[in-house]
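1. Output the structure for:
(chains A, B, C and D)
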4 protein chains.
Amino acid sequence: MLEELRKRVFEANCELQRRGLVVYTWGNASAIEREKGLIVIKPSGVPYEELSPEKMVIVDLEGKLVEGNLRPSVDTMIHVYLYRHFEKIGGVVHTHSLWACAWAQAMKPIPCLGGTHADYFYGEIPCTRALRPEEVEELEKNTGRVIVETFEGKDYLATPGVIVAFHGPFTWGDSVEKAVFNSVVLEEVAKMAAATLTVNPHAPGLPAHLLEKRYQRKHGKNAYYGQPKDA
Amino acid sequence: MLEELRKRVFEANCELQRRGLVVYTWGNASAIEREKGLIVIKPSGVPYEELSPEKMVIVDLEGKLVEGNLRPSVDTMIHVYLYRHFEKIGGVVHTHSLWACAWAQAMKPIPCLGGTHADYFYGEIPCTRALRPEEVEELEKNTGRVIVETFEGKDYLATPGVIVAFHGPFTWGDSVEKAVFNSVVLEEVAKMAAATLTVNPHAPGLPAHLLEKRYQRKHGKNAYYGQPKDA
Amino acid sequence: MLEELRKRVFEANCELQRRGLVVYTWGNASAIEREKGLIVIKPSGVPYEELSPEKMVIVDLEGKLVEGNLRPSVDTMIHVYLYRHFEKIGGVVHTHSLWACAWAQAMKPIPCLGGTHADYFYGEIPCTRALRPEEVEELEKNTGRVIVETFEGKDYLATPGVIVAFHGPFTWGDSVEKAVFNSVVLEEVAKMAAATLTVNPHAPGLPAHLLEKRYQRKHGKNAYYGQPKDA
Amino acid sequence: MLEELRKRVFEANCELQRRGLVVYTWGNASAIEREKGLIVIKPSGVPYEELSPEKMVIVDLEGKLVEGNLRPSVDTMIHVYLYRHFEKIGGVVHTHSLWACAWAQAMKPIPCLGGTHADYFYGEIPCTRALRPEEVEELEKNTGRVIVETFEGKDYLATPGVIVAFHGPFTWGDSVEKAVFNSVVLEEVAKMAAATLTVNPHAPGLPAHLLEKRYQRKHGKNAYYGQPKDA
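-> Residues are numbered from 1 along each chain as shown, chains lettered A, B, ... in the order given. Predicted structure coming up:
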């Protein structure tokens, strides 16, 4: 079932490791087949060198196992929650990458300090509130919930990622490959913001007119970055 | 003697180098065969490229040489002391990994600032007190002693590592492979804590209800991380 | 057309990636053939693994496409502007390298704190002013303009690089290979300056007599660094 | 001439690059044949990939060329000066490694904050004074002079390295291989000290009784680190 998507999700998970975002099994990527309402996700706690497309797990939009011999990622209910509420996304990625986690543990949104950030995220990358004691029993589902809560009134496509308080980054995109891409970018941007504040704790932040221009030249309707087929 | 264990200890030492935790010969891993009361440990000061399973050294629970042509690690008496007092451990690892040493030289426990930490260490990773002048003659034995002293009233299995003041990290586990794993995690967590405080010197630290939940979902009796066989 | 130069520009772009200065497609190198007034530059947004000498794009000194099936780099007008105003340069490089971007986002010139810097840049590496709202419509052209403005009254050959406010580094040289070299050096120097200020926020900066000597022993008329053929 | 020593000096220079201490040509290693009063040193500004044992240059204790078709390292007179005044050393190494340069540019000695440092350097690693205007004409010779001046009343064998103000690290040892080793250790120690102060700006520094013990267990007459043949 979903053979092609299994391969892509497998590859996406491997790419996270090749990019240095993942230590041991600390990450997971998934993709959704919207028409069938099925999600392909990495199994929980299996070393990367033992992964294969066949070991990917398929669950439905309730998080129930549909196909696979292994338990799905412990964070599956977060992915499920995001697919249900962010209806235009096709892939979700979670890692424990160093600098994104640093901002998450610092309980601070990642400020937009320059063009590298603005090229891919339209303004600061928000940090969720912490889960409350009564919310931890359903830790994963409620993590999904606070992410969605954080984006109330915001465009989750223009800011395709978030850091979860005390936890780490989640990113998404129209495909799992794009979610991986955004995950790499988010880590670069998180590291660059920390480096910037080391050099100048009072860095002014990217002015609005530059944020607008930088973001639009890549993503606006008159975007002129890349080749026409990319547009 | 203990041919299989020699191989595992050899492999564990090599893994420390592959993971980037060791410069030159600055690290050592050991394992114990509890029934025979014998410990297999790396020889002292031998370059990694010259190591082999045969060169591992076997000592008893007094630290006396039982088999091998080489001197055991200079830190052998620390390992021995830990095996005698932490009766449920099967492996011990010591390195001079950068960020763990930074916290050790800073004389500060590594605070539990987020979920990555809580997934493997149940609360802060303690820092021992410094050895006193009268304790340095038996430097290694007394280093073992202050580690054990540091864990009085604490569960050494729930916090499988420590940083020794002015020195560096020691970790343990039910096997030498697990001790290596904990050593990698401790370094990641030490680095992430430092990065977090760079971003926010007033990072609040992980609330108790999240520490509890994060730790228990991986290690509690109803743990649901990983595959059933891992439980 | 310009077959040899296409190869060199292709190689220069690859070298940026090998040196770790580029994530994804975030960099571009170009060279100019002065007699013909033609510039060879990387195409926009094409993954490095798909690049080849044939895919390099040729534009003229107005930035108009002369040869190639792909769109040139989004930053082409910056390169063009520099070639028109810095008449002695043969190559230009732009990257989003971490520490150079950190200083650029911090809106601070990179101070000359020691000999490594002075060996290649004669004094601080300036930071441009930010573009004003009315300047963003022609973002790239005006970026070129503020770079040139920044060098008014300065010797752009003695300081072969700049950081653009909120953006990142641009370097140049008599050849594209030299521009790449300066790009690597600028990143090293940017990182070393940040590390220096971490250790001592009041680092005094390189005294004038040492700056003079260091720079001249490599670049002055009596330079004695390297082999005679290099002079 | 000195064929064997040429090979060793060549290898030592390559090792500096493999260890990540050298960018481009920014480093040099040399060895002395004391009986003949001849020094083998890297040529100036030659890329590492073009180096070979044959390209090493031989100079005498005045710094005069004895054999070789290439100019010796620009820092040759520093090496020469050290060999003349530190009569027990057999090898000298200079690099621009990041953290050692950071301390040098910060004009601060590297404090002895823990055991990793004390295992190889008996106390803080000193920083020279800056050269005065009247000293820059003979920059290299006077750099040698201020290093020797810095060690007046100190044991250059117990502290086999220094950082030169505004410049970078020099290390030495009884052989060129040992000088390379000390160069790697100095960089690790420099990085670890900076990391320590990031975590705790008031790190207390290694107490004298621990410094004494740590250094002596590796280097004292009753040293017990490593294998007997190493002693």
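2. The nearest residue to residue A:121 once chain neighbours are set aside: what's it in contact with?
-> Spatial nearest neighbour of residue A:121, chain neighbours left out: residue A:159 (5.3 Å); criterion: Cβ to Cβ, 6 or more residues apart in numbering or on different chains. For glycine as for every other residue, the C-beta is placed from the backbone atoms N, C-alpha and C. By Cβ atoms under 8 Å, 6 or more residues apart in numbering or on different chains, the residues touching residue A:159 are A:121-123, A:125-126, A:151.
3. Narrow the residues you listed to those in helices?
-> Among the contacts of residue A:159, none falls in helices (DSSP state H).
4. what's the closest of those to chain D?
-> residue A:125 (24.1 Å; Cβ to the nearest Cβ).
5. Return the member of the contacts of residue A:159 nearest to residue A:57.
-> Of all these, residue A:57 sits closest to residue A:151, with 26.6 Å by Cβ to Cβ.
6. Just to check, that closest one is in contact with residue A:158?
-> No - the criterion here is Cβ atoms under 8 Å, and residue A:151 misses it with residue A:158 at 10.3 Å.
7. how about the strands of chain A, start to end?
-> Under the criterion DSSP state E, strands of chain A are mapped to A:27-33, A:38-41, A:57-60, A:65-67, A:91-95, A:161-163, A:169-173.
8. ok, the residue nearest the centre of chain A - contacts?
-> Central residue of chain A (Cα atoms, centre = their mean): residue A:171, 1.2 Å from the mean position. Shown in contact with residue A:171 (Cβ under 8 Å, 6+ apart): A:92-93, A:160-162, A:179-180, A:182-183, A:186.
9. Out of the residues you listed, which is nearest to residue A:131?
-> The nearest member of the contacts of residue A:171 to residue A:131, counting by Cβ to Cβ, is residue A:162 at 14.0 Å.
10. Pull the contacting residues for the closest one.
-> Residues in contact with residue A:162 (Cβ under 8 Å, 6+ apart) are A:125-128, A:147, A:150-151, A:169-171.
11. Who does it form a beta bridge with?
-> On the basis of DSSP bridges, residue A:162 is bridged to residue A:170.
12. Throw the contacts of residue A:162 into a markdown table and include pLDDT, thanks.
-> Below are the contacts of residue A:162 laid out as a markdown table (pLDDT from 0 to 100):
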| residue | pLDDT |
| --- | --- |
| A:125 | 98 |
| A:126 | 98 |
| A:127 | 98 |
| A:128 | 98 |
| A:147 | 98 |
| A:150 | 98 |
| A:151 | 98 |
| A:169 | 98 |
| A:170 | 98 |
| A:171 | 98 |
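13. Including distance to residue C:2, could these go into JSON lines?
-> Shown next, in JSON lines, are the contacts of residue A:162 (distance: Cβ to Cβ, whole Å):
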{"residue": "A:125", "distance to residue C:2": "42"}
{"residue": "A:126", "distance to residue C:2": "48"}
{"residue": "A:127", "distance to residue C:2": "50"}
{"residue": "A:128", "distance to residue C:2": "53"}
{"residue": "A:147", "distance to residue C:2": "51"}
{"residue": "A:150", "distance to residue C:2": "52"}
{"residue": "A:151", "distance to residue C:2": "49"}
{"residue": "A:169", "distance to residue C:2": "44"}
{"residue": "A:170", "distance to residue C:2": "47"}
{"residue": "A:171", "distance to residue C:2": "41"}
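14. ok, the residues you listed vs residue B:12, which is closest?
-> Nearest to residue B:12, judged by Cβ to Cβ, of the contacts of residue A:162 is residue A:169 at 31.4 Å.
15. pLDDT at the residue nearest to that closest one when sequence neighbours are not counted, what is it?
-> Nearest residue to residue A:169, sequence neighbours excluded (Cβ to Cβ, 6+ apart): residue A:100, at 3.8 Å. Each residue has a pLDDT score; the one for residue A:100 is 98.
16. contacting residues for residue A:100?
-> Going by Cβ under 8 Å, 6+ apart, residue A:100 touches A:110, A:163, A:168-169, A:186-187, A:190.
17. circling back to that earlier point, would you check how far apart the residue nearest to the centre of chain A and residue A:97 are?
-> Computed as Cβ to Cβ, to the nearest Å, the residue A:171 to residue A:97 distance reads 10 Å.
18. I figured residue A:174 hits residue A:86, correct?
-> No - using Cβ under 8 Å, residue A:174 makes no contact with residue A:86, being 10.7 Å away.
19. Those two: which has the busier surroundings?
-> Comparing residue A:174 with residue A:86 by other Cβ atoms under 10 Å in any protein chain shown, the one with more neighbours is residue A:86, at 18 against 13.
20. For chain D, see how far away that one is.
-> Per Cβ to the nearest Cβ, to the nearest Å, residue A:86 is found 38 Å from chain D.
21. Would you mind giving both backbone torsions of that residue?
-> phi -110, psi 90 (degrees, to the nearest 10).
22. isn't it right up against residue A:144?
-> No - in this structure, residue A:86 is not within contact of residue A:144 by Cβ under 8 Å, at 10.0 Å.
23. How about chain A: which residue is closest to chain D?
-> Residue nearest to chain D within chain A: residue A:198 (9.7 Å; Cβ to the nearest Cβ).
24. Show the pLDDT at that residue.
-> Note on residue A:198: pLDDT of 97.
25. so what's residue A:29 up against?
-> For residue A:29, the contact set (Cβ under 8 Å, 6+ apart) comprises A:9, A:12-13, A:16, A:41-42, A:91-94, A:176, A:179-180.
26. need those residues in CSV with pLDDT and distance to chain B, can you?
-> Formatted as CSV, the contacts of residue A:29 follow (pLDDT from 0 to 100; distance: Cβ to the nearest Cβ, whole Å):
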residue, pLDDT, distance to chain B
A:9, 98, 18
A:12, 98, 20
A:13, 98, 16
A:16, 98, 15
A:41, 98, 14
A:42, 98, 12
A:91, 98, 22
A:92, 98, 18
A:93, 98, 16
A:94, 98, 11
A:176, 98, 22
A:179, 98, 20
A:180, 98, 20
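27. from the contacts of residue A:159, which is closest to residue C:64?
-> Nearest to residue C:64 among those is residue A:122, at 31.8 Å by Cβ to Cβ.
28. Next, give phi and psi for the residue lying closest to the closest one once chain neighbours are set aside.
-> Excluding the flanking residues, the one nearest residue A:122 by Cβ to Cβ, 6+ apart is residue A:158, at 3.9 Å. Dihedral pair for residue A:158: phi -80, psi -20, per degrees, to the nearest 10.
29. Roughly how far does residue A:158 sit from chain B?
-> 24 Å.
30. Run through chain A and note the low-pLDDT ranges.
-> Along chain A, the model assigns pLDDT under 70 to residues A:229-231.
31. By proximity to chain B, which residue of it wins?
-> Nearest residue of chain A to chain B: residue A:45, at 3.0 Å (Cβ to the nearest Cβ).
32. For that residue, which residues are in contact?
-> Residues in contact with residue A:45, defined by Cβ under 8 Å, 6+ apart, are A:25, A:74, B:225-227, B:230.
33. any idea how far residue B:181 is from the spatially closest residue to it that is not a sequence neighbour?
-> The shortest distance from residue A:45 to any non-neighbouring residue, by Cβ to Cβ, 6+ apart, is to residue B:226 (3.0 Å). Look at residue B:226 and residue B:181: by Cβ to Cβ, they are 13 Å apart.
34. Residue A:110 now?
-> Residue A:110 is 30 Å from residue B:181, where distance means Cβ to Cβ.
35. Repeat that for residue A:166.
-> As defined by Cβ to Cβ, residue A:166 lies at a distance of 22 Å from residue B:181.
36. Between these two, which is the more surrounded one?
-> Set residue A:166 next to residue B:181 and count neighbours by other Cβ under 10 Å: residue A:166 wins out with 29 against 21.
37. Residues of chain A that sit close to chain C?
-> Within chain A, the residues that sit near chain C (Cβ under 8 Å from any Cβ of the partner chain) are A:113-116, A:181, A:184-185, A:188, A:191-193, A:195-196, A:198-200, A:203-204, A:206-207, A:209-210, A:212-214, A:217, A:224-228, A:230.
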